[in-house]
Structure formats: C-alpha cells, structure tokens
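**Student:** here is my input, please return the structure:
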Amino acid sequence: VDREVLHILGMNEHFPRAVLHAPLLDGGLGCATIHAQHVVDKLILFLHHMREDGQVAQALSASMSTTQPECGSATPFFELPVDTWYPFVTPTWTSHLWRECQPQGIEMKFHSEHF
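**Tutor:** Residues are numbered from 1 along each chain as shown. So this is what the prediction gives:
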C-alpha cells in the first residue's frame with residue numbers, strides 16, 4: 001500500500017518508509033499508516049453512532065454491556081489493560097475497538113450514567 005501512497009505523492013517507490021510515516025516535527029512526511037487510519041476511522045464511527053442514540057447505539061451499548069461482566073471487573077473495560085483482559089471476552093466490534101485503541105495510546109472514558 002505504501003507504494004501506491006508514494007506514487008500518489010509523486011515519489012519514488014524506494015522512498016524510505018521511516019521518513020514517510022515519521023511525524024512532521026521529526027522531519028518526516030507525517031503520513032499515517034493504513035492500520036492507524038483504520039483505527040481512527042473506526043473510533044470516529046463508534047463516537048458518531050453513540051452520539052446519535054439510534055439502533056446502532058443501542059446495539060453497541062448491548063455489546064459493551066455483555067463485554068463488561070465477561071471481564072469480571074467493576075472498572076469499565078475500556079480502562080482495563082487489554083493484554084490482560086482481552087482473552088476473557090467474546091470477540092465483538094467494541095472489544096476489537098478496545099484492543100486496537102489501547103496500544104495506540106487512545107483512552108476512552110465514559111460517564112457512569114452511560115456505562
């Protein structure tokens with residue numbers, strides 16, 4: 001995929017990937033990896049649907065309500081260490097989002113009345 005990105009930018013396919021993905025402050029081009037872009041898009045979709053409060057939000061809330069007791073902790077599962085707790089939960093869209101966000105340093109917190 002990086003080859004296509006470089007082609008779109010008008011650069012040689014042998015351009016160093018470290019420079020392509022490095023932050024602008026470090027002298028790089030700041031292009032996000034496909035995986036990072038996927039995580040961001042998934043998070044935006046999650047937040048959009050949770051704010052809409054429609055059928056999809058209800059399904060996401062039900063999924064989170066199922067994942068929480070599987071963890072066996074009173075702490076919301078989005079705040080638990082994913083490496084420790086993820087093996088105990090059923091794979092769902094929300095648990096996958098949890099697994100993808102934490103290693104990226106993305107923290108999600110919910111008001112107690114919503115979760």
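
**Student:** list the residues that contact residue 29.
**Tutor:** Taking CB atoms under 8 Å, 6 or more residues apart in numbering as the definition of contact, the neighbours of residue 29 are 9, 19-22. To be clear about C-beta, it is placed using only N, CA and C from the backbone, and glycine gets the same treatment.

**Student:** do that again at 7 Å, thanks
**Tutor:** Residues in contact with residue 29, defined by CB atoms under 7 Å, 6 or more residues apart in numbering, are 19-20.

**Student:** check residue 37 too.
**Tutor:** Contact criterion CB under 7 Å, 6+ apart gives no residues in contact with residue 37.

**Student:** next, count neighbours for the closest residue to residue 46 other than its chain neighbours.
**Tutor:** Closest residue in space to residue 46, ignoring its immediate chain neighbours: residue 97 at 5.9 Å, by CB to CB, 6 or more residues apart in numbering. By the criterion of other CB atoms under 10 Å, residue 97 has 21 neighbours.

**Student:** where is the longest helix in the chain?
**Tutor:** For the chain, the helix with the greatest residue count under DSSP state H is helix 34-52.

**Student:** now do it: distance to the chain's middle.
**Tutor:** Counting by CA atoms, centre = their mean, to the nearest Å, helix 34-52 is centred 7 Å from the centre of its parent chain.

**Student:** repeat that for stretch 16-36.
**Tutor:** Its chain's C-alpha centre lies 18 Å from the corresponding centre of stretch 16-36 when counted by CA atoms, centre = their mean.

**Student:** go through it and flag the buried ones.
**Tutor:** Neighbour-count burial for stretch 16-36, with 16 or more other CB atoms under 10 Å as criterion, is recorded at 20-21, 31.
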